[in-house]
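Colleague: Pasting a predicted model and its sequence here:
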Amino acid sequence: MLNFDEARFLRIESGAVALAPSIHAATGELLAKGARNIFFLGAGGAAILMQPAALMLQRRSGLPAFMEISAELVAGGHHALGRHSIAVIPSLSGATGESVAALDYCKDRGAAVISLVGHKDTPLGQRADHAFVNFAGDDTSSESFYLQSLLIALSAMAHCGEFADYERTVAELGSLPHHLLAAKQAFEPEALRIAEAFSTEPWHIITGAGGCWAEAWYYGMCILEEMQWIRTRPVHAADFFHGALELVETGVSVVILKGEDACRPLADRVENFARRYTGKVTVLDTSVFAMPGVSPETRALISPVILATVLERLSAHLEVRRNHPLTTRRYYKKVSY
């Protein structure tokens, strides 16, 4: 595969799932001490990657779960945040300004903080009540954050008596790194084909639903916009028909991310519409990737993880085809803002 280190990838993603016992113990400890709700925070892409876990709790658990942007939480507050709260804060660097401010804000109000970081010797790595460290780079952090936040949500539900299949699901996640590697290998020719098609596209509508909406939002904002300077219009598949549909015409690129959860029909609806009006429809569907031993229930949970891992292959080819390294920035961490 182009510019890819298989051993490094397996080490990082295996490191994420290996945190399951420690995450389960920490979550259980905090719930036993009286935690009554959980906040998933973060800044930028890291915050977006918390959405599938937060949504699962909101829809399947009696434990109140909130997804908030760190900077807005600090600016506006939240009546439910306090000494009975767990705050989950991801930051690959462990030093993101908005996230460090959120850590201080949460701790000042008595909340317990769980941090997900790539480096221990950082503000978030040192000052959280429970810091989970798994080194990753930009090309591997999405899967790592998705998996760690999913493990937190699954653990919380298990401790609350709401998820009887916890042990089986965690065991299935243990095999996931090798399945993700196989998915990358299978997708490599398609990644090159799509990169060639996308190399001259001026903009894209990118959409998804359920857990996959987070990946559509993340990939449009953090990869295509930030790392490739390509204009995008991320839009939830359900909201596609309340504005974005009027932008579809001959020659407009529409990218549809499909997972395997109950919200898949929302993405099907967009595809059925878009194919009538533009020949540039790209569908990435997690169901085409074989993962022996992974149950349909677990596949539904990890759909955004699968999409993140194959989209990394698209990014690797896109930066070469466009002669635009993924590390190139105009402003991010280069000027004061």
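Modeller: Perfect, I can see it now. Numbers count the residues shown, from 1 in each chain.
Colleague: for residue 204, what are its contacts?
Modeller: Residues near residue 204 by C-beta atoms under 8 Å, 6 or more residues apart in numbering: 198, 220, 224, 230-233, 253-255. C-betas here are computed from N, CA, C, even on glycine.
Colleague: Which of those fall within strands?
Modeller: 231-233, 253-255 (DSSP state E).
Colleague: Would you show me how to pick out the buried ones of the contacts of residue 204 in ChimeraX?
Modeller: Per 16 or more other C-beta atoms under 10 Å, the buried members of the contacts of residue 204 correspond to this ChimeraX selection:
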select :198,220,224,230,232,233,253,254,255
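Colleague: picking that back up, among the ones in strands among the contacts of residue 204, which pair sits farthest apart?
Modeller: The span of those, defined through C-beta to C-beta, is set by 231 and 254 at 13.9 Å.
Colleague: Per-residue pLDDT of the residue nearest to residue 98 when sequence neighbours are not counted, please?
Modeller: Closest residue to residue 98 apart from its sequence neighbours, by C-beta to C-beta, 6 or more residues apart in numbering: residue 43 at 4.0 Å. Reading off the confidence values, residue 43 has pLDDT 96.
Colleague: One more: residue 333?
Modeller: The model's pLDDT for residue 333 equals 87.
Colleague: secondary structure class for it?
Modeller: coil (DSSP: H, G, I helix; E, B strand; the rest coil).
Colleague: swap in residue 206?
Modeller: Assigned with three-state DSSP, residue 206 falls in the strand class.
Colleague: okay, it: pLDDT?
Modeller: Looking at residue 206, its pLDDT is 98.
Colleague: What is the neighbour count of it?
Modeller: By other C-beta atoms under 10 Å, 24 other residues sit near residue 206.
Colleague: Pretty sure it sits against residue 233.
Modeller: Yes: judged on C-beta atoms under 8 Å, residue 206 makes contact with residue 233 at a distance of 7.1 Å.
Colleague: that older thread, for the residue nearest to residue 98, what are phi and psi?
Modeller: Residue 43 adopts backbone torsions of phi -130, psi 140, taken as degrees, to the nearest 10.
Colleague: what stretches of the protein score poorly on pLDDT?
Modeller: Within the chain, the set of residues satisfying pLDDT under 70 is empty.
Colleague: Using the centroid of it, identify the residue furthest from it.
Modeller: For the chain, the residue at maximal distance from the C-alpha centroid (C-alpha atoms, centre = their mean) is residue 250, at 31.2 Å.
Colleague: how about that one, phi and psi?
Modeller: Residue 250 has phi and psi values of phi -50, psi 130 when expressed as degrees, to the nearest 10.
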